[in-house]
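Enquirer: no sequence on this one, just coordinates:
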Ligand SMILES: Nc1ncnc2c1ncn2[C@@H]1O[C@H](COP(=O)(O)OP(=O)(O)OP(=O)(O)O)[C@@H](O)[C@H]1O
């Protein structure tokens, strides 16, 4: 397709977004009723903002436009109560005696200028953690980070044989969250325009210099839409928009390279690393609105430097008047009310730009994203889930759920006790015994949640499990996504898992029918694929004496079977299955990543032997 056709499709898309803006703008609605003054004042202000944005997006190189950050980010509200011990610290323990922490501390990164991306002539910068250093940089959005290969305690010079890769990592920018439906729709329109410009620019470049070659020397078949710059534009705009738009980007970022073109995947990977940071003024507005303007009287100190900038909120450390170190998750303004429109706008953009190919079941993914996000935006619900979980896990060794601080929590602010530890993916650098321990704890947690509590946190994101090596504890956070399972479902699911482990075909088919995975009348091919997949999932539970997750890559075996099942499936899997399977596969994937050996069968049998099955007579 010619670049002009691409451009006209994009312009179509932008005009659709413009219509969307018109539909959603209260000012335009007022104007339609004759109130032109509101329209003029509002439009002039927005146009000024949009022009700034648009110029940033269409210049081709997306740059940071934030004001310089204050040097000191911690604000003390009552100096008389401050002790050395109550000064907020990094959640990750950067101590010398913790090898995982040593890896975190040793994550050096390279300055943006003079980068040798092939790893030769790499100049390593200072040893500060990326996030801290990144904030001091102006005008640059990306750094390349040297990452040591698994189990290598710290990045070492290439000459000693350690494998080093250079990853593109994003620096945090401070940008205001577009919080009204109008400004959000405008953000999408700006992105659309930026993409048009990027496409024209790339097409012109190709006319003059020819189409870029791929690494293998073949001519790039990628359309000018899919230029690296356009992909970067998309990613950075999503980081700025945050909320549902960012969440969808993060969901797409974990797709396979065969489905999403490589430049887009690389850009979306940036999206996964975190959002832009809310400016202090906007943050204060949310805190005032949610907790009352006297919120600071409940604190000794508050750190304006966020610990994390996630998709729907950012997390700050603070110390309460009682001296408790807390993490305050503060929701970006406007994201809860714009889930629906954001997702529609992202869909519109993706449809009109062809950035994501067909066959990804976008509609389904977007529907799931909508439902999950609506629940996750309600921090009162999350606080209730967290308290319930804390009670359930209280007497289980090796697990900890931080307490909720009610007087500093609301629908859009969630304050919980600050916990330390390293996320699961960092545990990979620890010794085999520790990795086995952590893998075992993750599986134990999954089995407990499903079969004992019948209440499960369904987001297996590695950042939601912080491992503290000193106390051998898994600190559990983020209970935005949690659900209950009915007793009959859990009983049958346990029978089914045991049938899978024992390779009992008849029992697998019977339980699958009872659970609603099969409706009867499936083709032999489908039944066979279903049973085989069940056996593969049951493999870790089949072998007594410890299952070696690294030696047996079950995900690989499941891919082909999954495709076959999709093709022949007569009924969608039951509602409970979607989140449950995500969690189960999360536990398996973590074990594969950590290369653990875990006595899965013994753990399952222990649960089975203790399980109180309900009555079956009513069937
Ligand atoms: N109680 C806590 N103690 C220490 N760190 C915390 C705590 N709560 C949150 N964090 C940090 O903030 C990050 C984001 O928190 P959380 O996962 O709750 O936010 P979220 O909005 O649900 O994120 P996501 O985008 O993953 O959905 C965590 O990965 C962790 O680094």
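Expert: Structure received. In this text the structure is predicted, and so the values were computed from the model without any measurement.
Enquirer: what about stretch 480-498 and the ligand, any contact?
Expert: Yes - interface with the ligand: stretch 480-498 contributes residue 480 (CB under 6 Å from any ligand atom). The C-beta positions use only the backbone N, C-alpha and C, and glycine is treated the same way.
Enquirer: residues in contact with that stretch?
Expert: For stretch 480-498, contacts defined as CB atoms under 8 Å, 6 or more residues apart in numbering pick out 372, 375-376, 379, 381-382, 385, 389, 450-451, 454-459, 504, 507-508, 511-512, 514-515, 534, 538, 541, 574, 576, 579-580, 604, 607-608, 611, 613-614, 616.
Enquirer: buried subset of those?
Expert: Listed as buried from the contacts of stretch 480-498 are 372, 376, 379, 381-382, 385, 389, 450-451, 455-459, 504, 507-508, 511-512, 514-515, 534, 538, 541, 576, 579-580, 604, 607-608; burial here means 16 or more other CB atoms under 10 Å.
Enquirer: select from those residues every entry located in helices.
Expert: Secondary structure from DSSP state H places 372, 376, 379, 381-382, 385, 389, 507-508, 511-512, 514-515, 534, 538, 576, 579-580, 604, 607-608 of the buried ones among the contacts of stretch 480-498 in helices.
Enquirer: what about residue 395, which SS state?
Expert: With DSSP: H, G, I helix; E, B strand; the rest coil as the basis, residue 395 sits in coil.
Enquirer: ok, now residue 330?
Expert: Looking at residue 330 with three-state DSSP, the answer is strand.
Enquirer: so what sits opposite it in the bridge?
Expert: residue 314, residue 413 (DSSP bridges).
Enquirer: surely it touches residue 287?
Expert: Yes - when contacts are counted by CB atoms under 8 Å, residue 330 is listed as touching residue 287 (6.6 Å).
Enquirer: between the two, what contacts are shared?
Expert: Shared contacts of residue 330 and residue 287 (CB under 8 Å, 6+ apart): residue 413.
Enquirer: what residues does this structure put near the ligand?
Expert: So the chain meets the ligand at 91, 307-308, 310-313, 315, 327, 329, 402, 416, 418-419, 461, 463-464, 477-478, 480 (CB under 6 Å from any ligand atom).
Enquirer: could you redo the last one with a cut-off of 5 Å?
Expert: 91, 308, 310-313, 315, 327, 402, 416, 418-419, 463, 477-478, 480 (CB under 5 Å from any ligand atom).
Enquirer: element containing residue 204?
Expert: Element membership of residue 204, judged by DSSP states H and E, is helix 181-209.
Enquirer: phi, psi of the nearest residue to residue 513 once chain neighbours are set aside?
Expert: If the residues on either side of it in the chain are set aside, residue 513 comes closest to residue 520, at 6.6 Å by CB to CB, 6 or more residues apart in numbering. Dihedral pair for residue 520: phi 90, psi 150, per degrees, to the nearest 10.
Enquirer: pull the number of nearby residues for residue 520.
Expert: Neighbour count for residue 520, taken as other CB atoms under 10 Å: 8.
Enquirer: list the contacts of the residue nearest to residue 425 when sequence neighbours are not counted.
Expert: Excluding the flanking residues, the one nearest residue 425 by CB to CB, 6+ apart is residue 462, at 4.7 Å. Neighbour list for residue 462: 423-425, 590 [criterion: CB under 8 Å, 6+ apart].
Enquirer: filter those residues down to the ones in strands?
Expert: Among the contacts of residue 462, the ones falling in strands (DSSP state E) are residue 423.
Enquirer: so which of the contacts of residue 462 is the most crowded?
Expert: When neighbours are counted by other CB under 10 Å, residue 424 leads the contacts of residue 462 with 26 neighbours.
Enquirer: that one is in contact with residue 438, isn't it?
Expert: Yes - counting by CB under 8 Å, residue 424 sits close enough to residue 438 to count as a contact (6.9 Å).
Enquirer: re earlier: measure the residue nearest to residue 513 to residue 512 for me?
Expert: Residue 520 sits 11 Å away from residue 512 when distances are taken as CB to CB, to the nearest Å.
Enquirer: one more: residue 446?
Expert: Distance from residue 446 to residue 512, by CB to CB: 20 Å.
Enquirer: circling back to that earlier point, need the next SSE after the helix holding residue 204, C-terminal direction.
Expert: That would be, after helix 181-209 and using DSSP H and E, helix 228-241.
Enquirer: quick check: buried residues in that next one?
Expert: Across helix 228-241, burial judged by 16+ other CB under 10 Å covers 228-241.
Enquirer: need the helix or strand of the chain with the lowest average pLDDT.
Expert: With mean pLDDT, DSSP states H and E as the measure, the helix or strand of the chain carrying the lowest mean pLDDT is strand 109-110 (a mean of 24).
Enquirer: for burial, what's the neighbour tally of residue 180?
Expert: By other CB under 10 Å, 16 other residues sit near residue 180.
Enquirer: pull the contacting residues for it.
Expert: residue 334.
Enquirer: same check, this time on the one 4 residues further on
Expert: With contacts defined as CB under 8 Å, 6+ apart, residue 184 is in contact with 178, 241, 243, 334, 338, 341-342, 345.
Enquirer: now the helices for the stretch 351-500 of the chain?
Expert: Taking DSSP state H, counting those that start in this stretch, the helices of the stretch 351-500 of the chain run over residues 362-376, 379-393, 432-447, 487-501.
Enquirer: of those, which is nearest residue 281?
Expert: Closest approach to residue 281 among these (CB to CB): helix 379-393, 21.6 Å.
Enquirer: residues touching the closest one, excluding its own?
Expert: Contacts of helix 379-393 (CB under 8 Å, 6+ apart): 329, 331, 375-376, 399-404, 406, 409-414, 416, 448, 453, 455, 457, 476, 478-480, 482.
Enquirer: try 7 Å
Expert: Contacts of helix 379-393 with the rest of the structure, by CB atoms under 7 Å, 6 or more residues apart in numbering, involve 329, 331, 375, 399, 401, 403-404, 409-414, 416, 453, 455, 457, 479-480, 482.
Enquirer: in strands only, show me the contacts of residue 184.
Expert: Judged by DSSP E, strands contain none of these.
Enquirer: rewinding a little: got the angle for the helix holding residue 204 vs helix 228-241?
Expert: Between the axes of helix 181-209 and helix 228-241, defined by axes from the mean of the first three to the mean of the last three CA atoms, to 10 degrees, the angle is 170 degrees.
Enquirer: same question for the helix or strand hosting residue 349, mean pLDDT?
Expert: Here residue 349 sits within helix 339-353, counting by DSSP H and E. Averaging pLDDT along helix 339-353 yields 77.
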